[in-house]
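Undergrad: Sequence and computational prediction follow.
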Amino acid sequence: MTKKEKLLASAQKSLQKGQISKAIKDYQTLVDLDPKDLRNRQKLAELYNRSKMPEQAIEEFQKVGKYYTDNGFFLKAIAVYKQIQRIDPNRPEVYLKLAELNEKQGLIGNALAEYRSLVAYHEKHGDTDGTMKVLLKMKDIDPENLNIRVKLAETFAKNGKREESLEDFRDVLKVLQAKKDNLKILKLHEIFVGFFPEEISLKIGLAQALILKGDVDKGLSLLEPLLEANPSHEGILLSLAEGYRKKGDHGREEGLYSRLLAIYPGDLDLRERQVQAFLDSGSFERALKVLEEIKAVFFEANRIPKLREYYEYLRNRLPGEDRVVATLHSIYEVSGEGGKLFDILAVGQARPEISESVDTPPLAAVGADDELDLGENPFETASEPISTEPELEVEEPEEMPLEFLLDVEGEPTPPAADPTVVADELSLELEVDDAFDDFDFDVPEASSDVVPVESENLELDDGELSFSFDDDDVGDLSADVEPQAAADVTAQIEEAGFYLTQGLFDDAERVCTDLLASIPDCREAEELLLEIHSRREKLSGGPVAAEDDFFNFSDEVMAEVEEALESPTPTSAAPKKSRHAMEGDFSQFKKGVEAQIDSDDAETHFNLGIAYREMGLIDDALGEFDHAMGDPSRRVDCLTLKGICLLDKNNLEGAEASFKLALATPGLAETQRSSLYYELGLLYEVWDRPLDALDSFQSAADVDLFFRNVQEKIHELRSRLGMEEENGGDSKAGKGGKDRVSYV
């Protein structure tokens, strides 16, 4: 027994006796003997942690994590740094490291969660520069996440970075305007109007949002003081006109359009709105007078459909009006509407009957629920004439549900742990799944010249607002937005499985839950959750051996069988129990085990197959491997073990077919390929096919020269076949190679 083996045996005995300090000394010596042995170093770190020695544990974990990171094993590195995070949740560098590792692994949702915890940490400690740097990183990896953009804009505003803040504000506003999400537009303006009280466009935007929401009086009360200070501001004038239209005060609406036309006399959109205001108020003569003045310009601008609409309406409201008939005659001639032209000529000057079908103004569809057409960017209002073309009627958006949003306060804690939360921020949730928690945003106290906004439908807390967006909410703006959000299912399942094998049940459960939230019918995630619950129950039922961190089904089966087969026969039983009877008892045992296994639980079937083979139950093992092959990730392993089992049964042809079928699997890993060629070589040795055996062993060596004793096998076969050894190879060359552990 080597010194290393003696130390390991001594450490295991110490652990069995509960002498952790002695075990730590043995593992310290093992690590000194072989610093590159990560298993022993990680075990040492775990023992330090159990002994309440956090600094020493973190130091060793960091060395293990650094090795995995440097060599590209990001999932393993994530699991190690999670251990560090559990030991000490107040290390910002660990959150940063985890975020970077998750980003490299393609787990963007997890990376954002770590960055979010880091933001909370920096805000707690007043580190504004650190907060902005982290938010910029988040913006880089998820540029379409509006929540991040709003939080970043708010942080810029708090730290005097006016232009940067307004730039992000405008970008978010454009997205919301494109989506016609008026409630969030209102919330966005409420957040920023207090940061920039001198910004007139923000106050106009807030008033517009209130008017669109139906709070017309509140919107007008914001705009009227602004008009006194800025009597020629076209944005204010147009917004006021829209407000009075919604309120039904068409007299004031007409007056405002007159003031706007004094600024932009050639703007035909404004002319249309002015005419509509006259029609809405019943001032048909005034409407006709304006139309007669501008109809030539409408003909030149190819606005004949709108002109026809107005005159057809006036024909029913002003019967016998020669100017209306004459203009309609010209319109029908230009547009080629012979039927209508003939009707006018036939009727002549007769008084037409008022059509019941035309009983509302031609633009009555432009009702109180219309949206303002101020262009996409309310900051740009003075450079060109205002577009005032009425929109089609839209329904008032339904009130979005408001929920209390949980926000992490104080020191950041690992996502798997239960963080301290404060349920005092309001959240506007969209009707899609969200992969991330939402930020909470402060609404600074507005300046004295801004009228307070009150709403029975949109209640605001004491200055705290949450701007809640889901990833899918902006998915239509970019084709690349989170199929990260949909995420790489395979990578997430792999991550959850790795957490599970490391005993990080909370993290594994979190990944599965997030995956099921976005893909409710993900069978792999459901199976992993069942496995997590099963292992938790096993752990809660009794202590787990220190050297084994997770439940092993095959070990349990072996233990139960050994107990069943080796237990002493009761004195009342017959002294000689037949083999048939024992096999019957064991058959009942197998049925009991099978009854507890889900047919889709590939991992359990795989472990049970290994256990059956170790017990010599080859046929039963083959059956379990057939079940487990339903999981594509286990297909190669199962085919390899089936080949070994068939070799045990001396079914050489079947074993060969199984190995070759595994070798034909696409995407085969190098370790799997070398193992399969090696097993195929052993098969050909038993089959007395030395040339095929040599070829198989050589193929294994081509993949990995130091795989087990492959070099020794090649030398023996070449000698047996009378071939000269190339390069004077030593028959013991393979002794120093990697002695890989096989499946069983």
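TA: Right, received. Where do you want to start?
Undergrad: Do I have it right that residue 271 meets residue 261?
TA: Yes. Counting by C-beta atoms under 8 Å, residue 271 does reach residue 261; the two are 7.1 Å apart. C-betas here are computed from N, CA, C, even on glycine.
Undergrad: Please say which of these two ends up with more neighbours.
TA: residue 271 (23 against 16; other C-beta atoms under 10 Å).
Undergrad: tell me the SS of the more buried one?
TA: helix (DSSP: H, G, I helix; E, B strand; the rest coil).
Undergrad: Return the distance of it relative to residue 287.
TA: To residue 287, residue 271 is 11 Å away according to C-beta to C-beta, to the nearest Å.
Undergrad: same thing with residue 329?
TA: 19 Å.
Undergrad: Likewise for residue 246?
TA: 20 Å.
Undergrad: quick one, which of those two is more surrounded?
TA: Taking neighbours as other C-beta under 10 Å, residue 246 and residue 287 compare with residue 287 leading, 24 against 20.
Undergrad: OK, contacts around the more buried one?
TA: 275, 278-279, 310, 314 (C-beta atoms under 8 Å, 6 or more residues apart in numbering).
Undergrad: Check whether it sits in a helix, strand or coil.
TA: helix.
Undergrad: Does residue 509 touch residue 530 like I think?
TA: No. At 11.0 Å, residue 509 does not count as touching residue 530 under the criterion of C-beta under 8 Å.
Undergrad: Which one of these two is surrounded by more residues?
TA: residue 509 (19 against 15).
Undergrad: That one: which element?
TA: Taking DSSP states H and E as the definition, residue 509 sits inside helix 505-518.
Undergrad: which helices and strands sit right next to that helix?
TA: helix 489-501, helix 523-541 (3 or more C-beta pairs under 8 Å, 6 or more residues apart in numbering; DSSP states H and E).
Undergrad: Residue 673 contacts residue 703, doesn't it?
TA: Yes. Here residue 673 reaches residue 703: they are 5.2 Å apart, a contact under C-beta under 8 Å.
Undergrad: about what we covered before: buried ones in the helix holding residue 509?
TA: For helix 505-518, a neighbour-count test (16 or more other C-beta atoms under 10 Å) marks 505-512, 514-516, 518 as buried.
Undergrad: could you pull out the helices for the stretch 501-650 of the chain?
TA: 505-518, 523-541, 553-566, 579-595, 602-614, 618-628, 635-648 (DSSP state H, counting those that start in this stretch).
Undergrad: lowest-confidence stretch among those helices?
TA: Mean pLDDT values for those show the minimum at helix 553-566, a mean of 46.
Undergrad: Show me the shaky parts of the stretch 351-500 of the chain.
TA: 351-488 (pLDDT under 70).
Undergrad: again, 80 this time
TA: 351-492, 494-500 (pLDDT under 80).
Undergrad: so what's residue 323 up against?
TA: With C-beta under 8 Å, 6+ apart, residue 323 has these contacts: 288, 292.
Undergrad: And the helix or strand where it lies, what's buried?
TA: Assigned by DSSP H and E, residue 323 falls within helix 322-335. By neighbour count with 16+ other C-beta under 10 Å, helix 322-335 contains the buried residues 324-325, 327-328, 331-332.
Undergrad: Between those residues, which sits nearest residue 109?
TA: Closest approach between the buried residues of helix 322-335 and residue 109, by C-beta to C-beta: residue 331, at 59.4 Å.
Undergrad: residues touching the closest one, list them.
TA: Contact partners of residue 331, counting by C-beta under 8 Å, 6+ apart, are 304, 307-308, 311, 337.
Undergrad: Buried ones among the residues you listed?
TA: 304, 307-308, 311.
Undergrad: Any chance of a markdown table for these, columns secondary structure?
TA: Shown next, in a markdown table, are these (three-state DSSP):
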| residue | secondary structure |
| --- | --- |
| 304 | helix |
| 307 | helix |
| 308 | helix |
| 311 | helix |
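Undergrad: just curious, which of those is nearest to residue 192?
TA: Among those, and counting by C-beta to C-beta, the member closest to residue 192 is residue 307, at 42.0 Å.
Undergrad: where's the spatially closest residue to that closest one that is not a sequence neighbour, which helix or strand?
TA: Excluding the flanking residues, the one nearest residue 307 by C-beta to C-beta, 6 or more residues apart in numbering is residue 298, at 4.6 Å. Using DSSP H and E, residue 298 sits in helix 284-300.
Undergrad: Now the element after the helix or strand harbouring residue 204, going C-ward?
TA: Here residue 204 sits within helix 200-213, counting by DSSP H and E. Sequence order places helix 216-229 as the next helix or strand after helix 200-213, per DSSP H and E.
Undergrad: Name the next helix or strand following that following helix along the chain.
TA: Helix 216-229 is succeeded, C-terminally, by helix 234-247 (DSSP H and E).
Undergrad: ok, the contacts of residue 287 vs residue 81, which is closest?
TA: residue 275 (68.4 Å).
Undergrad: Now do the SS call for the closest one.
TA: helix.
Undergrad: Check the gap between residue 116 and residue 95 for me.
TA: Going from residue 116 to residue 95 by C-beta to C-beta gives 9 Å.
Undergrad: same question, residue 657
TA: Distance from residue 657 to residue 95, by C-beta to C-beta: 52 Å.
Undergrad: between those two, which one's more packed in?
TA: Between residue 657 and residue 95, residue 95 has the larger neighbour count (other C-beta under 10 Å), namely 26 against 15.
Undergrad: Rounded mean pLDDT for the host helix or strand of that one, please.
TA: Applying DSSP H and E as the criterion places residue 95 in helix 92-105. The average pLDDT within helix 92-105 is 90.
Undergrad: Repeat that for stretch 200-209.
TA: Stretch 200-209 comes out at a mean pLDDT of 86.
Undergrad: Show me what counts as buried in stretch 188-203.
TA: 188-197, 199-203.
Undergrad: Repeat that for stretch 115-133.
TA: In stretch 115-133, counting by 16+ other C-beta under 10 Å, buried: 115-123, 130-132.
Undergrad: same question, stretch 271-290
TA: Applying 16+ other C-beta under 10 Å to stretch 271-290 flags 271-281, 283-284, 286-288, 290 as buried.
Undergrad: And that stretch, end to end?
TA: From its first residue to its last, stretch 271-290 covers 8 Å (C-alpha to C-alpha, to the nearest Å).
Undergrad: Same check on stretch 133-153?
TA: Start-to-end, stretch 133-153 (C-alpha to C-alpha) is 13 Å.
Undergrad: returning to that earlier point: packing partners for the following helix or strand past the helix holding residue 323?
TA: Following helix 322-335 in sequence order, the next helix or strand is helix 338-347 (DSSP H and E). Judged by 3+ C-beta pairs under 8 Å, 6+ apart, helix 338-347 is in contact with helix 322-335.
Undergrad: what angle separates the helix it packs on from helix 338-347?
TA: Using axes from the mean of the first three to the mean of the last three C-alpha atoms, to 10 degrees, the inter-axis angle of helix 322-335 relative to helix 338-347 is 150 degrees.
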